[in-house]
Every structure is written in structure tokens, then in C-alpha cells.
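>>> below is the sequence, then the predicted model.
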Amino acid sequence: MDNRRGFLRFPLILSLEFNIINKKNQMLGPYSGKAVNLSGGGLLFSTPCPLLRHGTLIIIRFLNEEGNGLEGDFLARVIRSKKQAAKQENHLPHYLVAVEFKFIKESRRSAILAYVNRRNLKRKKTATSA
């Protein structure tokens, strides 16, 4: 885990979808993505969508994570987006996108941190029993 930005980042893979909020406050999407890491402050994800530039607002929804504290929509702002050098299995370029959560209630941030801690403990238990 990495703690350079105030929150522990937990490496994981979670399916997600997101919508882009354009300058006219219209929603574009949904687009697909895969979370690469998650923290109480934001996440890093991979997507084939090339439209994400610094400052872009998006709404993220984690898929198949009901009951884990990750339900509902998360408003986020793109911090950076970088085209990955390696192509994915479908031979299309993918982008690594870092976002920070915006206007997140502390109860939702706490739910994310609890989820990250549960996943971390589960990973440690699996590693020590192997």
C-alpha cells in the first residue's frame, strides 16, 4: 500500500462504470473501467475512454459491490490521465486515470476505508495461510 497522498491506497481490481459531466452539465456515457487501487481520497482506474482530461468531473459507480460500503455514485475529479504503453487483450489503447473524490461525506469515506481495511486483512490472512 502507498501512503503518499494522505490515505492508504489498496491495490485491487473492481469493475466500475462512469459518466462524464461535460461543460454544459450534460452526462456522457456510461463508460467502463477497472479500479487498480482505492483509497479514502480517490482511486486509480484503467479505461479505454480517451476523454478524461485534468479537471474533468465524473460520476463513478462500482459494479457488483452492494453491501460493501461502495454502493451508489461517487463524484470525482480527474487529476491525471495517461495512455498506457502496453495494449490490452482487445488491442485497444487503455488509459490510467487518477481521480479524487469530491464532496464525499465522511460516513462514505469511512465506509471506503473500512472496505479497504477488510480487503487488506483478508489478503494478509490468505498470504499467511498459503
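Perfect, I can see it now.

>>> centroid residue for the protein?
Geometric centre of the chain, nearest residue: residue 43, 3.7 Å, by Cα atoms, centre = their mean.

>>> who touches it in this structure?
35-37, 60, 76, 98-99 (Cβ atoms under 8 Å, 6 or more residues apart in numbering). C-beta: built from backbone N, CA, C; applies to glycine.

>>> pLDDT value on it, please?
We have a pLDDT of 94 for residue 43.

>>> for it, list each beta-bridge partner.
residue 38, residue 99 (DSSP bridges).

>>> which SS class is the closest residue in space to residue 56 that isn't next to it in sequence?
In this structure, residue 56 finds its nearest non-sequential neighbour in residue 78, 4.4 Å apart by Cβ to Cβ, 6 or more residues apart in numbering. Three-state call for residue 78 (DSSP: H, G, I helix; E, B strand; the rest coil): strand.

>>> who touches residue 78 in this structure?
By Cβ under 8 Å, 6+ apart, the contact list for residue 78 reads 52-58, 97-99.

>>> and the gap between it and residue 48?
Separation of residue 78 from residue 48 (Cβ to Cβ, to the nearest Å): 15 Å.

>>> repeat for residue 117
Counting by Cβ to Cβ, the gap from residue 117 to residue 48 is 31 Å.
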